[in-house]
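# Return a 3D structure for these sequence lines:
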Amino acid sequence: MNLTGLLSLLEGDPRYHQLVDALRDAVHEPAQNGQLPVLSIGLLEAARPYVIAALQRIWPGPIVLVAARPENGRQAADQIRAWSAEAERVLYYQAPDAIFYERMPWDRSTIHARVSALAALMEAGGAGTAPAEGEAGRGLVITTSVWALITKSVSPLAFRRATRRLQVGDVLPPYQLMEHLVRAGYEPVGVVEEPGTFCHRGSIVDVYPPDRREPVRIDYFGDEIDSMRTFDPGTQRSKDDLKEVTLVPASEALAEWGAPAAESLRALDLDKTDYATRQRMSEEIERLIAGEPFTGIEFYLPYLYPRGSTLLDFLPRNALVLLDDMVALESAALGLENQSLGMRADMVSDRQLPPNVAVPYLTWEELKARLAAKRAVTLGFGAHEGEPLLGESAFVAAPEFGGHVQHALDDIADLRSDGRRVVVITRQAERMCNLLREKNVYCEPTTDLGDVPPTGSVQVVDGIVMEGWVYNAGQVVVLTDAEVFGWSRPRRRRPAQRRSVAPETLFADLKEGDYVVHIEYGIGRYHGMVRKTIGSLEREYLEIEYAAGDRLFVPIHQANRVGRYLGADDREPYMHRLGGGEWAVARARAEKAVRDIAEELLELYAAREVAPGYSFGPDTTWQHELESSFPYEETDDQLRALAEVKADMERPKPMDRLICGDVGYGKTEVALRAAFKAVMAGRQVAVLVPTTVLAQQHYHTFRRRLRAFPVEVAMLSRFLSPSEQDDVIEGLVAGRVDIVIGTHRLLSKDVTFRDLGLLIIDEEQRFGVSHKEQLKQLRREVDVLTLTATPIPRTLYMALSGARDMSIIDTPPEDRLPVRTFVAEWDEGLIRKAILREMDRGGQVYLVHNRVQDIYLVAEELRRIVPEASVVIGHGQMAEDELAQVMLGFAQGEHDVLLCTTIIESGLDIPNVNTIIIDRADTFGLAQLYQLRGRVGRGSNRAYAYLLYKQPLSEIAEKRLQTIQEASDLGAGFRVAMRDMEIRGAGEILGAEQHGHIAAIGFDLYVRLLQHAVEELRRSAGEPVTAIRKAQHAVAASSVLGVGPSIDLPVSAYLPEDFAPDSQLRLRFYRRMARVDTVEDVDELEQEMADRFGELAEPVKGLLYLLRVRVLASDAGIQSVSTDDNQVALALPLPLSVSAGERVSALLLGVRARGTRIWLRIDEGWQENLLSLLRTLKDLVPAAVAA
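Just a heads-up that it's a prediction; the model follows:
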């Protein structure tokens, strides 16, 4: 969206030029008597982003906007970007995660956002210096909050010293570069994927500066930098060449400044703290003095930089500081100050803080003095004498129509007739133009308003701006969806950078002691990687222990035969003996079970394929308009699921599709669009949900999204009075109600529809047996779309492809951050801090206490701990209408804390709740903890989960809490943490009786067997069973199960430690290599490894050679490749005919064939000869090739 044409209008206004001149004079005049603000602009709040975007184009230095709250600062950045021609130059300087004095480490993403802003200011000639040459600060806009601004930070001097500029040709030994990176706050890792990390492999150093969009790969020749290039952190492949790069610090707390602070650090009165605090701080202080970084080092910022620097100290002299609202700023600063004083007193009293600890923030009086020194200007109205520079008349609020679209259209037509420039910014651009044509106002949707619109014109721009305004001097009226449709639009989140993780991270790490499954030998325990030399060959092996102390050494190029064991519960599995028959029996039973269930699923699928159904038509114009009004960027998974649903609806067969996706991942939006499609075809829609609370939430969501269309949405539940329920039922019979949302009340006999076309079921597993029977009958009559938040593993989804219609949405929405998870004992101080932090940023809190018996006593205790908070109670034993009222009030922001049982577990979505505290988390299962934690973190704000327990803690509970804490990332460790969730999801689809088979052979192998059974049954339907067919099925099975032919050749093959020092990285690469399917995959992997690791060592080349042999042998239907008496022996699944054997023997010198064997003599050039032989065998031996 380009709105710069409107900026040109402002630039033609004499009053705007007077404003710019006054600002220049104010910035360059010396401060007088600490007056703040030095000027008042008097600008309408809605128009402030517009004016700042105009100033961005002409102001010679950086512009800093200070808002009262963090959310205001973040929102201001988004809105300025909407108007700006240089959106990438608009940065947000975040507040820290921890409130003052709290001992909580700052999140890395917060640190990096702050550092990026400071780096941009330094590049602009920061730290009070004169403007940089060429006005490097022009166009830089930084928004922030009072909280962020009063937080003491790194000094400009320390920041400058920790910044290093590198150029190609520089002589800087890699070890010196890495020493610098550690001092600058970078973290050494195995693979560079996140900002603030680096790694060293061979002649390569990868580093990810926090202010860059992509990491940098530095390639050395000796001690000289030979080349530098960016690389994609997802694929790890190099991209663009660089001549120079600036490495800014990755942290504000630089440990090398600890030594100068030794005296003040050792002066801390630790004798007045408790034992745990004294031990922790003593250790940290010694590490700091030694210059060692550690987690939570930000607590010591006031000691590292005693002068108390803030972002203001980084500003060059030509910077412009704008204050959003003086009253709100003062209120926020004093509130933070008072809260911090109370926090300090409580922690000192509880002996958790030394009484003489340094203050980590500026007081309001100190901040005022520094702002006055920077000649800060308020965008609102100040208390000093004199008229505001623009005054109230320059911009006035846009008229509001509250959803009365016809009134809006009439006003737009009148404004155009009056010669006004009317600009409507909406996500319903196509529909708006169609409606305006009915008023004889002709326009076309656009995304580009780069030129000044003519007077008497109407421009409809497809995009999002929060609020409109009227600018009389420019004869401009800007209207948005907020004014026209009355929508309180959610803030537009920036699309997340679309990239995958490094390919090898898809293979979960194996840790020593983990249980694993070998496809041929069964369940054992992994004991790490060992290197063995046999004869002249050196290789690396996976060591697996079996029952009775048996050991199996698996060559690493066969790592795909080994997978982590995931069982049906937390119990340890039965370990098998090598050579015993138990594993074969367990696997045979499981194979029969999966074949039976595959047959059942395929029969149901085939029956649906021939059943008659209603065929919905293609999308209408209104369908496109509804979808374009979605205020966020859809994920690829969402779009794919929607396309699959629409395709099902348009087929003349009943739809029965399951959509799996976590709460907040976009299932409801897919369902809503499907419902709208059905209504556009004149059919009715029923949305069935398990609880009244969820019915209310869906009802409000559907009403809000469909408000602009003539669609009647109703709710039917016990929350309504009998007469209200009767009205809804009558509306369904008469066809007045298009979409009804309700609980199982919808399944009552008195509820009938005029023309039901689509049934949407949310969390079907939560309904009773009788209700499920009714749903089974409905499935034969109407299209059914089922939603579930229980995760279904993608491997199971792939296995059932063609046997069950499923869509998976497992991509997090834009800008979604992982939930930070803490495990701790119940502590009143911790609870108070957690709730106050959330309230400070305008958010709300769930506190889960799952005992109704004493929940009211806990509420009294909570009100005592946090008297500032409004606490409300909700649990399942309350009257349904009372609970619904409580939940509605909380959802509307009337209370700060919801003290509740697990009623919030299913589907509740309140984006403003970003902290959850779970009491006695040790009594919950892993699946339940995951579901509860998923209730927060729905927006772009960082969310927090506190899992509280009471001693003594059982070993199983401790392991469970540790697992959920470690899996707080959206990707890392996900599969481990989700194991019982996935087993539950598998049970929902396959039936609970499958749990025993999953426990016996492990989930991964179970799914692979299921995939093979489905594929074999689909492929062989109606075909006669022959020896050739059996052989083809055997080859196909080895492919599906990820096994492939066995390869044993005299080639040294491994990844040397100096090539890839991190053992987990090597293991991931081994497992990734074992899964390659084509020669092209091997070639691409070779190129990638050369790019990432430098020149390939001989053992690496040997490893790649074995991969090529395995792939080509698999393509040719070869079962094994081994050595036999100075020959390579190839084993076939079927004997060759005499003529085929003669043709094979004639291929190359030294080749002979007979029966099920082909031999190749080992002599000079045998390795290339083997590849050539395998390439030709695919065509010469068709009987041994998979169909």
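
# can you map out the helices along the stretch 1001-1150 of the chain?
In the stretch 1001-1150 of the chain, the segments counted as helices under DSSP state H, counting those that start in this stretch are 1003-1020, 1027-1040, 1063-1073, 1079-1093, 1098-1115, 1138-1145.

# got the buried residues for the strand ranked longest in the chain?
Counting residues, the longest strand found in the chain (DSSP state E) is strand 522-534. Burial within strand 522-534, assessed by neighbour count using 16 or more other Cβ atoms under 10 Å, is assigned to Gly522, Ile523, Gly524, Arg525, Tyr526, His527, Met529. The C-beta positions use only the backbone N, C-alpha and C, and glycine is treated the same way.

# Same check on stretch 349-363?
Gln352, Leu353, Pro354, Val357, Ala358, Val359, Pro360, Tyr361, Leu362, Thr363.

# wait, isn't the last one in contact with Ser340?
No: distance between Thr363 and Ser340: 9.7 Å, which falls outside the contact criterion (Cβ atoms under 8 Å).

# What count of nearby residues applies to the residue lying closest to Thr901 once chain neighbours are set aside?
Nearest residue to Thr901 in three dimensions, chain neighbours excluded: His875, at 4.4 Å (Cβ to Cβ, 6 or more residues apart in numbering). Using other Cβ atoms under 10 Å, the number of residues around His875 comes to 18.

# show me where the stretch 151-300 of the chain has helices.
Using DSSP H, counting those that start in this stretch, helices in the stretch 151-300 of the chain cover 156-161, 174-183, 262-266, 275-289.

# Could you give me the buried positions within the last one?
What that stands for is helix 275-289. For helix 275-289, by 16+ other Cβ under 10 Å, it's Thr277, Arg278, Met281, Glu284, Ile285, Leu288, Ile289.

# show me the contacts for the residue nearest to Thr901.
Val852, Ile855, Leu883, Cys900, Thr901, Ile903 (Cβ atoms under 8 Å, 6 or more residues apart in numbering).

# Tell me which other helices or strands the strand or helix carrying the third one touches.
Secondary structure assigned from DSSP states H and E places Leu883 in helix 880-891. Packed against helix 880-891 by the contact rule (3 or more Cβ pairs under 8 Å, 6 or more residues apart in numbering; DSSP states H and E) you find helix 692-705, strand 871-874, strand 897-900.

# now, which of the buried residues of stretch 349-363 sits nearest Met575?
Nearest to Met575 among the buried residues of stretch 349-363, counting by Cβ to Cβ, is Gln352 at 46.4 Å.

# Just to check, that closest one is in contact with Gly829?
Yes: the pair Gln352 / Gly829 is scored as a contact, 6.8 Å apart, by Cβ under 8 Å.

# pLDDT averaged over the helix holding Leu883 - what is it?
Average pLDDT, helix 880-891: 85.

# same thing with stretch 378-396?
The model assigns stretch 378-396 a mean pLDDT of 68.

# and what of stretch 1151-1158?
On average, stretch 1151-1158 scores 90.

# Begin at 3 from now on, thanks
Done: numbering now begins at 3, and the last item shifts to stretch 1153-1160.

# still on that earlier bit, could the buried residues of stretch 351-365 go into a markdown table alongside pLDDT and secondary structure?
Shown next, in a markdown table, are the buried residues of stretch 351-365 (pLDDT from 0 to 100; DSSP: H, G, I helix; E, B strand; the rest coil):
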| residue | pLDDT | secondary structure |
| --- | --- | --- |
| Gln354 | 92 | coil |
| Leu355 | 95 | coil |
| Pro356 | 96 | coil |
| Val359 | 96 | coil |
| Ala360 | 96 | coil |
| Val361 | 96 | coil |
| Pro362 | 97 | coil |
| Tyr363 | 97 | strand |
| Leu364 | 97 | coil |
| Thr365 | 96 | coil |
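
# Save those as TSV, and put in distance to Ala649 too.
Converted to TSV, the buried residues of stretch 351-365 look like this (distance: Cβ to Cβ, whole Å):
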residue	distance to Ala649
Gln354	60
Leu355	61
Pro356	66
Val359	63
Ala360	63
Val361	62
Pro362	57
Tyr363	57
Leu364	59
Thr365	62
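
# wait, which of these is closest to Thr623?
Nearest to Thr623 among the buried residues of stretch 351-365, with distances taken as Cβ to Cβ, is Tyr363, at 54.9 Å.

# Surely that closest one touches Leu336?
No: using Cβ under 8 Å, Tyr363 is not in contact with Leu336, being 12.0 Å away.

# Now the common contact residues for the two.
With the criterion set as Cβ under 8 Å, 6+ apart, the contacts of Tyr363 and Leu336 do not overlap.
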